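Student: Here is a sequence together with a model predicted from it:
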Amino acid sequence: MFFDFSSAFNTIQPLFLGDTLQLSGLDHHLTSWILDYLTNRPQYVRTRECQSDTIICSTGGPQRTVLVPLLFTLYTADFTHNTAICHRQKFFDDSAIVGLISNEDDRDYKELTQDFSLWCRRNHLQLNAGKTKELMVDFRRHQHSPPQHQ
């Protein structure tokens, strides 16, 4: 199953990220610098001669920067539920859960997708249901209807 996060880089919670960086052993001064970079940022929109009012932003990260995809990867690094037949693969702001279902036993796959969905809610990450897709490959020689997952 391929999961897409809604506005992924805009959902980084600096305090949660700071905890993650500290737990991973990153230097306190560098962690503080990153948190300063992400919080209390002035932001506005400009089109030709018009400019919006400035707001102060303290979640997410500045768009089109090299650092923000790396920070998002670190922000989401603590989800590690893997089994012998199911695992999560990350692609910066997207994730895929890959599982081998044999003999119609999809319990590990269902458990992993449910755990991932719960983890997303706890970490203030919203999944984009419209872009979340499931790909099923059936290597059996005879046709059966594949199990449907919700």
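Tutor: Arrived safely, thanks for sending. Remember, predicted model here, so these are calculated numbers, not experimental data.
Student: any low-confidence regions in the protein?
Tutor: With pLDDT under 70 as the threshold, the chain has low-confidence stretches at 82, 142-150.
Student: what do you get if the cut-off is 90, keeping everything else the same?
Tutor: Counting by pLDDT under 90, the low-confidence segments of the chain come to 1-11, 24, 43, 58-65, 73-116, 119, 122-125, 127-130, 132-150.
Student: how about stretch 56-72: buried residues?
Tutor: Judged by neighbour count using 16 or more other Cβ atoms under 10 Å, the buried positions of stretch 56-72 are Gly60, Gly61, Val68, Leu71, Phe72. From N, CA and C alone the C-beta is placed, and that goes for glycine too.
Student: go on, stretch 43-58?
Tutor: For stretch 43-58, the neighbour count (16+ other Cβ under 10 Å) marks no residue as buried.
Student: Report the separation between the two terminal residues of that stretch.
Tutor: End-to-end distance of stretch 43-58 (Cα to Cα, to the nearest Å): 10 Å.
Student: next one: stretch 50-69
Tutor: For stretch 50-69, the first and last residues are 30 Å from each other (Cα to Cα).
Student: which strands and helices sit next to the biggest helix by length in the chain?
Tutor: Taking DSSP state H as the criterion, the chain has its longest helix at helix 107-122. In terms of contact count using 3 or more Cβ pairs under 8 Å, 6 or more residues apart in numbering; DSSP states H and E, helix 107-122 is assigned the packing partners strand 86-91, strand 94-99.
Student: With that, I have no additional questions.
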